[in-house]
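S.K.: The amino acid sequence is not available; the structure is as follows:
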């Protein structure tokens, strides 16, 4: 079992930055690929970014490529999402997720956090 707790969300103006963190507890953090997903009001949850177990491989949604960076610190059991040049359309609840190696390329997600709200004002 893995417990995931997100933090770092908030209200920011367009063009600003935020860094989300996701702290994991439970089984060995480095055995899981990690990801960030988001869900805007009235929309389905969508993929944002994923990172492999050792941080070698990352993948990004086209909508965030070049603006967002996913990283992880296995010594701290934490995954991060650095979000720059934020746009109003980035407004959503952001969820942290953990899964097997296939998660990096769209595979199954085994665990979810509770989510953190990000609101970008125009």
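M.R.: Arrived safely. None of the values given here were measured: they were computed from a predicted structure. Numbering: from 1, shown residues only.

S.K.: What is the neighbour count of the closest residue to residue 8 other than its chain neighbours?
M.R.: Distances taken as Cβ to Cβ, 6 or more residues apart in numbering place residue 20 nearest to residue 8, at 4.2 Å, with adjacent residues excluded. All C-beta atoms are positioned from the backbone trio N, CA, C, and that covers glycine. Residue 20 has 23 neighbouring residues, counting by other Cβ atoms under 10 Å.

S.K.: Next: residue 87.
M.R.: Applying other Cβ under 10 Å, I find that residue 87 has 14 neighbouring residues.

S.K.: and it, what is it in contact with?
M.R.: Under the criterion of Cβ atoms under 8 Å, 6 or more residues apart in numbering, the contact list for residue 87 reads 14, 120.

S.K.: how close does residue 69 get to residue 85?
M.R.: Distance of residue 69 to residue 85, computed by Cβ to Cβ, to the nearest Å: 12 Å.

S.K.: higher neighbour count, those two?
M.R.: residue 69 (16 against 13).

S.K.: Tell me the pLDDT of that one.
M.R.: Here the pLDDT value assigned to residue 69 is 98.

S.K.: how close does it sit to residue 83?
M.R.: 8 Å.

S.K.: likewise residue 10?
M.R.: 11 Å.

S.K.: which one of these two has more residues nearby?
M.R.: Legend: neighbour count by other Cβ under 10 Å for residue 10 and residue 83, higher for residue 83 (26 against 13).

S.K.: that older thread, common neighbours of residue 10 and residue 83, please.
M.R.: Listed contacts common to residue 10 and residue 83 are 18, 118; contacts here mean Cβ under 8 Å, 6+ apart.

S.K.: what secondary structure does the residue nearest the centre of the chain sit in?
M.R.: In the chain, the residue lying closest to the centroid (Cα atoms, centre = their mean) is residue 36, at 2.3 Å. Counting by DSSP: H, G, I helix; E, B strand; the rest coil, the backbone at residue 36 sits in strand.

S.K.: Done for today, thanks.
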